[in-house]
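*Asks:* here is my input, please return the structure:
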Amino acid sequence: YSKNVKSIKFGKNVSNIKLYNVYFQNLEKIEVDSENQTYLSNNNCVIKRSSDPNYKTIALGCKTSIIPNDCKITIGDFAFANSNIQSINIPANVIVISSSAFAYCNDLLSFEVDSENTNFRVVNNCLIYNYIVSKGSSPIGVVRSATKNSTIPTDSDINYFDTYTFTGIDIKEVNIPSNISRLYLADTDSFCFKDSGVEKITFDANSTITDLKKSMYNASKLKEVHLPDALTSLADSKNFFNGCVSLEKVYFNSKVSEYNYAAFKDCQNINEIIVPSDNKNFKVSDDKFLILVQNNGGTTYLARYFGNEENLIANGALGIYEGCFAYNNKIKNVTFSKMICSIENNSFAYSSLETFSFGESEIDAVGTDMFNNCKNLKEIVLPDSVTTINSGAFSNAKIEKLVISSSMANIDSHAFNATEIGELEIDENNPNYIFKNGFILTKDETTLIKGFPDKNGKIDVPNTVKTINTNSLSYTTMLYLNIPSSVT
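*Replies:* All right, here's what the predicted structure looks like:
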């Protein structure tokens with residue numbers, strides 16, 4: 001990436017120009033050595049040579065480029081990306097324009113398309129691609145590229161966004177009209193607002209959009225979004241708001257019924273979720289929990305906490321939904337209330353949690369991946385009611401002290417994958433397990449459940465052990481291993 005290069009000449013040996021990671025913002029002059037067998041220069045464009053003289057592909061352009069009109073032209077991937085081009089004239093002979101050709105062109109103010117070009121047109125400062133789905137069918141208008149001055153067309157024949165429609169464009173607010181039915185062209189992910197300046201996205205009340213895919217991916221300045229009325233699931237678009245680190249306010253619609261915690265995993269600044277009263281599947285509690293309602297109101301889950309309290313009691317529902325506190329970088333201390341009776345996977349994964357208590361809840365297990373990648377855990381005491389530690393419960397976690405009660409009956413072999421534990425205690429009255437010299441063993445000390453290396457990375461398996469369980473020595477920092485002859 002360079003802001004200072006104004007002139008560039010490619011030598012005769014350059015054979016591959018990939019522009020998705022090379023940008024020349026202020027480039028004004030481009031030349032290619034006449035002996036280069038792959039590329040040539042024409043009108044300040046780098047042209048990829050072709051065996052057919054009737055077809056050419058522009059590999060690189062700049063603000064002074066003039067598109068040749070002597071043959072059929074393709075404007076290639078990222079050809080003008082990040083340049084300070086202000087306007088572009090697209091002649092009739094241009095047959096293909098890559099969806100990324102004008103990504104990050106924030107100085108671009110206008111497109112001009114020759115009236116005889118049947119593949120492209122301009123509407124409301126948007127470059128529209130006339131997409132033919134099948135031979136003989138009417139074209140569908142696709143918003144291929146836009147500028148910071150663009151307004152989304154309301155023409156009935158313009159129905160799709162493309163992969164990079166607003167990528168890198170400093171537009172502040174976008175309203176998506178009802179004629180837009182997809183935020184992507186084909187059944188692939190779209191990054192149409194990636195790295196843009198958009199702060200607010202709304203959808204027309206009659207929007208028919210049912211899938212968002214990754215259209216908001218890395219829209220890092222997005223603060224407010226209104227979900228389209230036809231959207232029923234946030235489960236299929238698991239990483240929908242991935243990278244939306246500035247998101248503060250989310251408006252649900254009345255139809256959303258499914259949810260996955262990963263949809264908002266990067267959105268730790270959300271402080272308001274608005275759910276309409278006619279949505280029968282979600283509601284918001286006074287203490288800032290998004291509550292999922294299932295089975296006609298018979299089962300309620302705490303789906304997501306979006307408050308700012310460091311110390312809180314999880315209350316107001318029967319269960320903890322998958323990832324309720326996952327990726328939360330504010331919470332420190334959480335206690336379950338008596339009414340909590342079920343917990344799903346990843347409840348505190350990747351969070352800043354320090355202390356946790358099951359309280360008087362009826363939970364009988366440390367859930368799958370419950371504390372996965374929690375690096376700040378201090379002390380956790382498992383009560384007598386908890387009899388199981390599930391797979392991945394403390395995987396990749398760092399904990400100062402863990403106390404296991406006498407009632408513990410089942411510890412999964414993956415429960416402590418790559419776990420750092422300062423101190424581990426198992427009640428001496430536990431009939432099933434014992435912790436001795438860095439090893440979790442069955443009470444008779446004949447089966448190794450989990451081994452932790454000493455400070456030198458060494459594991460000396462006790463000579464009482466006859467069986468080493470699957471995964472009991474995996475995912476550790478072990479450097480040296482000694483297995484006694486007693487192991488069969």
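*Asks:* where does pLDDT dip in the stretch 1-150 of the chain?
*Replies:* 1-2, 19-23 (pLDDT under 70).
*Asks:* make it 80
*Replies:* 1-3, 18-25, 133-136 (pLDDT under 80).
*Asks:* where do the strands sit along it?
*Replies:* With DSSP state E, counting those that start in this stretch applied, the stretch 1-150 of the chain shows strands at 7-10, 29-32, 39-42, 45-48, 55-60, 72-75, 87-90, 94-97, 110-113, 120-123, 126-131, 140-145, listed in chain order.
*Asks:* relative to residue 412, which of the ones you listed is closest?
*Replies:* Among the strands of the stretch 1-150 of the chain, strand 140-145 comes nearest to residue 412, with 49.5 Å by CB to CB. Where you see a C-beta, it was placed from the backbone N, CA and C, and this is true even at glycine.
*Asks:* on contacts alone, who are the packing partners of that closest one?
*Replies:* Where contact means 3 or more CB pairs under 8 Å, 6 or more residues apart in numbering; DSSP states H and E, strand 140-145 is packed against strand 120-123, strand 126-131, strand 158-161.
*Asks:* name the strands paired with the second one and say parallel or antiparallel.
*Replies:* Just to be clear, that refers to strand 126-131. Strand 126-131 has the following strand partners under DSSP bridges: strand 120-123 (antiparallel), strand 140-145 (antiparallel).
*Asks:* can I get those strands in CSV with mean neighbour count and distance to residue 402?
*Replies:* Putting those into CSV (neighbours: other CB atoms under 10 Å; distance: least, CB to CB, whole Å) gives the following:
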stretch, mean neighbour count, distance to residue 402
strand 120-123, 19, 62
strand 140-145, 24, 54
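*Asks:* could I get these as CSV with distance to residue 467?
*Replies:* Formatted as CSV, the strands paired with strand 126-131 follow (distance: least, CB to CB, whole Å):
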stretch, distance to residue 467
strand 120-123, 70
strand 140-145, 62
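*Asks:* ok, which of those comes nearest residue 332?
*Replies:* strand 140-145 (45.1 Å).
*Asks:* run the chain-centre distance for that closest one.
*Replies:* How far strand 140-145 lies from its chain's middle: 25 Å, per CA atoms, centre = their mean, to the nearest Å.
*Asks:* before we move on, what about stretch 138-147?
*Replies:* Using CA atoms, centre = their mean, the offset of stretch 138-147 from its chain centre is 26 Å.
*Asks:* and stretch 99-118, by the same measure?
*Replies:* For stretch 99-118, the distance to the chain centre is 29 Å (CA atoms, centre = their mean).
*Asks:* pull up the distance across it, start to finish.
*Replies:* 17 Å (CA to CA, to the nearest Å).
*Asks:* which parts of it are buried?
*Replies:* 99, 100, 101, 102, 103, 104, 105, 106, 107, 108, 111, 113 (16 or more other CB atoms under 10 Å).
*Asks:* try stretch 253-261
*Replies:* For stretch 253-261, by 16+ other CB under 10 Å, it's 253, 255, 256, 257, 259, 260, 261.
*Asks:* a markdown table for those, including secondary structure, pLDDT and distance to residue 386?
*Replies:* As requested, those are exported to a markdown table (DSSP: H, G, I helix; E, B strand; the rest coil; pLDDT from 0 to 100; distance: CB to CB, whole Å):
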| residue | secondary structure | pLDDT | distance to residue 386 |
| --- | --- | --- | --- |
| 253 | coil | 96 | 39 |
| 255 | coil | 94 | 38 |
| 256 | coil | 93 | 34 |
| 257 | coil | 91 | 32 |
| 259 | strand | 89 | 27 |
| 260 | coil | 90 | 26 |
| 261 | helix | 90 | 23 |
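*Asks:* of these, which is the nearest to residue 351?
*Replies:* Nearest to residue 351 among the buried residues of stretch 253-261, with distances taken as CB to CB, is residue 261, at 11.1 Å.
*Asks:* any chance of the backbone angles for the nearest residue to that closest one once chain neighbours are set aside?
*Replies:* In space, and not counting its chain neighbours, residue 261 is closest to residue 323: 2.5 Å by CB to CB, 6 or more residues apart in numbering. When read as degrees, to the nearest 10, the backbone of residue 323 gives phi 70, psi 30.
*Asks:* quick one: residue 323 from residue 263, how far?
*Replies:* 9 Å (CB to CB, to the nearest Å).
*Asks:* still on that earlier bit, can I get the strands of the stretch 1-150 of the chain in TSV including distance to residue 375?
*Replies:* Formatted as TSV, the strands of the stretch 1-150 of the chain follow (distance: least, CB to CB, whole Å):
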stretch	distance to residue 375
strand 7-10	46
strand 29-32	49
strand 39-42	50
strand 45-48	48
strand 55-60	45
strand 72-75	47
strand 87-90	49
strand 94-97	47
strand 110-113	49
strand 120-123	51
strand 126-131	46
strand 140-145	42
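*Asks:* and of these, who's closest to residue 333?
*Replies:* Per CB to CB, nearest to residue 333 of the strands of the stretch 1-150 of the chain: strand 140-145, 47.9 Å.
*Asks:* restricting to C-alpha, output that closest one in PDB.
*Replies:* Output of strand 140-145 as PDB, limited to C-alpha atoms (Å, rounded to 0.1, in the frame of the first residue of the first chain):
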ATOM      1  CA  ILE A 140     -31.800  -8.400 -13.100                       C
ATOM      2  CA  GLY A 141     -30.200  -5.200 -12.000                       C
ATOM      3  CA  VAL A 142     -27.300  -5.700  -9.600                       C
ATOM      4  CA  VAL A 143     -25.800  -2.800  -7.700                       C
ATOM      5  CA  ARG A 144     -22.200  -3.600  -8.600                       C
ATOM      6  CA  SER A 145     -20.400  -0.500  -7.200                       C
END
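*Asks:* okay if I get the helices and strands packed on strand 140-145 as a markdown table plus distance to residue 4?
*Replies:* Output for the helices and strands packed on strand 140-145, formatted as a markdown table (distance: least, CB to CB, whole Å):
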| stretch | distance to residue 4 |
| --- | --- |
| strand 120-123 | 32 |
| strand 126-131 | 29 |
| strand 158-161 | 34 |
